[in-house]
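Engineer: What shape does this take:
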Amino acid sequence: MTLNATAGQAHARDDANPALTAAAAVAAIAAATLAGAWFFQLVLDILPCPLCLEQRYAYYLAIPLGALVAFAAARNVSRAVLLAGLAILALAALGNAGLGTYHAGVEWGLWQGPTECTGPIVNFGSASNLLERLNTVKVIRCDEVQWRFLGLSLAGYNVLISLLMAAIAGWGIVRSARRT
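Structural biologist: Reported below is the predicted structural model:
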């Protein structure tokens, strides 16, 4: 068997079940991204702000949904179900890219962020426990970048990763819809 024949067989397998390939890839990317986020938080002590935590929701959805769609695709479930699952994955990723873009804009000062993580802190509770609260509360601001690489913050990388996941899910939709 030649290298070209082997490559052709691998390509034919990918074409045979694009929903499986796309859903599994999205689930794997989401899992790796969450693992990275938890690594930054727990090992490097880069704590997430409220917007960072909200951006994780799409990944928490994409892992089990992507695995479920991949499992369904492997079991030859109806095309309509697979397309619906991939569409939900694509929409969740696009929505997350929008949230990441909003967060990156807050970090760059292009627009105001939510008051709970960018505005002044005005409610300290009662005067009796003020000192205790000041010693125990660490406010993570959404408009302060804690880490950058190649000019992008984690919110910026979230946009790129989410767009990649949406593109992969979109590829799976198009290829699955064309399948006979």
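Engineer: in this protein, which residue is closest to the centre?
Structural biologist: For the chain, the residue nearest the mean C-alpha position is residue 59 (4.4 Å; Cα atoms, centre = their mean).
Engineer: backbone phi and psi for that residue, please?
Structural biologist: Main-chain torsions, residue 59, degrees, to the nearest 10: phi -70, psi -40.
Engineer: and what of residue 152?
Structural biologist: Main-chain torsions, residue 152, degrees, to the nearest 10: phi -110, psi 140.
Engineer: re the thing from before, for the residue nearest to the centre of the chain, which non-adjacent residue is closest in space?
Structural biologist: The shortest distance from residue 59 to any non-neighbouring residue, by Cβ to Cβ, 6 or more residues apart in numbering, is to residue 30 (4.4 Å). All C-beta atoms are positioned from the backbone trio N, CA, C, and that covers glycine.
Engineer: Wait, the residue nearest to the centre of the chain touches residue 34, no?
Structural biologist: Yes. At 4.8 Å, residue 59 counts as touching residue 34 under the criterion of Cβ atoms under 8 Å.
Engineer: follow-up on the earlier one: quick check: the residue nearest to residue 59 touching residue 65?
Structural biologist: No. Residue 30 lies out of contact with residue 65 (Cβ under 8 Å); the separation is 9.1 Å.
Engineer: Give the residue from those two that has the larger number of neighbours.
Structural biologist: The residue with more neighbours, out of residue 30 and residue 65, is residue 30; 28 against 19, by other Cβ atoms under 10 Å.
Engineer: which ones are touching the more buried one?
Structural biologist: 58-59, 62-63, 66, 165 (Cβ atoms under 8 Å, 6 or more residues apart in numbering).
Engineer: go with 7 Å
Structural biologist: For residue 30, the contacting residues are 59, 62-63, 66, 165, by Cβ atoms under 7 Å, 6 or more residues apart in numbering.
Engineer: Find the residue ranges of the chain scoring beneath the pLDDT cut-off.
Structural biologist: The chain contains residues with pLDDT under 70 at 1-15, 113, 116-139, 141-143, 145, 147-148, 180.
Engineer: One more pass at 80, please.
Structural biologist: Under the criterion pLDDT under 80, the flagged ranges of the chain are 1-15, 103, 105, 107-149, 151-155, 179-180.
Engineer: all helices in it, in order from the N-terminus.
Structural biologist: Listed in chain order, the helices of the chain (DSSP state H) span 3-16, 18-42, 50-74, 79-107, 115-118, 130-136, 154-178.
Engineer: Could you give the number of residues near the closest residue to residue 31 other than its chain neighbours?
Structural biologist: In space, and not counting its chain neighbours, residue 31 is closest to residue 63: 5.3 Å by Cβ to Cβ, 6+ apart. Neighbours of residue 63 under the rule other Cβ under 10 Å: 17.
Engineer: Could you measure from residue 63 over to residue 24?
Structural biologist: 11 Å (Cβ to Cβ, to the nearest Å).
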